[in-house]
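J.: Based on what follows, work out the 3D shape:
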Amino acid sequence: MKHVKLYEQFVEEINEAIAPNTPLLIKADNGKLRWNHGVNQNSMLSVVRKLVTPEGKKALAGAYMDDVDVVNKKTSQTIISIGPGMTPAHIAKATNSWAEKNAELFAPKNKSVANSETIEIKSDTRAIVAVDANTAVAIKKAVHNSKEGIQVRIMDRKDGAKVYIDTEDKETLSAVIAKIKSLV
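T.: Numbers count the residues shown, from 1 in each chain. Predicted coordinates for the structure are as follows:
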């Protein structure tokens, strides 16, 4: 057991031994590219994660290597293809620029009622609105009216809430949707 711990400690030290200016891929004697001695894909990614900006860290979250390509897990897009002589600093710089270009992928989702994508009309008498929890309560207070046949239910979700609106006819539903759009 002691030897296993020593081996794991040795591997950690090797992984942390990569400097930001260490070439990752070099040409072998046969002319093909190979990883530099002491460099592997996991150690390279751990060094790059220390060098990138917070946006770059979001881009590298769950990133994986496909041969010499660093691939974003969320989009399956290649962030950078590693070439001969490239260092972790080059990869960090490329990752930061890729993250800036694709910032909308990592931005928090804004659930605004004014956005027509958040209002889904299921039928002539039912609509579903995706909003945050506070807006959902405000919508229910403003719209719910049992006497007029307007039923509003709120279902909490991980990323906010969904407001289910049931009415007796199509005209009432369109009036309710107009009122909801005017609230925000």
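
J.: Pop the domain breakdown of the chain in here.
T.: Under the assignment automatic domain parsing, the domains of the chain span 2-106, 116-183.

J.: lowest-confidence helix or strand of the protein?
T.: helix 2-16 (a mean of 71; mean pLDDT, DSSP states H and E).

J.: how close does the residue most central in space within the chain sit to residue 45?
T.: Closest residue to the average C-alpha location of the chain: residue 106 at 4.6 Å, with CA atoms, centre = their mean. In this structure, residue 106 lies at 18 Å from residue 45, with CB to CB, to the nearest Å as the measure. Placement of C-beta: from N, CA and C, glycine included.

J.: try residue 26
T.: For residue 26, the distance to residue 45 equals 18 Å [CB to CB].

J.: okay, now residue 161: neighbour count?
T.: The number of residues packed near residue 161 is 20, by other CB atoms under 10 Å.

J.: Now it: which helix or strand?
T.: strand 160-166 (DSSP states H and E).

J.: Could you give the separation of that strand from the chain centroid?
T.: Between the mean C-alpha location of strand 160-166 and the chain-wide mean there is a distance of 24 Å, by CA atoms, centre = their mean, to the nearest Å.

J.: ok, and for it, which residues are buried?
T.: Buried residues in strand 160-166, counted by 16 or more other CB atoms under 10 Å: 160-163, 165-166.

J.: Within its sheet, name the partner strands of it and how each one runs.
T.: strand 126-131 (antiparallel), strand 151-157 (antiparallel) (DSSP bridges).

J.: got a list of what the nearest residue to residue 169 once chain neighbours are set aside touches?
T.: Computed as CB to CB, 6 or more residues apart in numbering, the closest residue to residue 169 that is not its neighbour in sequence is residue 125, at 6.6 Å. Contact analysis of residue 125 by CB atoms under 8 Å, 6 or more residues apart in numbering lists 166-170, 173.

J.: Report the two of these separated the most.
T.: Pairwise distances across the contacts of residue 125 (CB to CB) peak at 12.2 Å, for the pair 166 and 170.

J.: ok so, going back, need the residues that contact the helix or strand that the least confident helix or strand of the chain is followed by.
T.: Of the helices and strands lying after helix 2-16 in sequence (DSSP H and E), the nearest is strand 25-27. For strand 25-27, contacts defined as CB under 8 Å, 6+ apart pick out 33-36, 68, 82-86.
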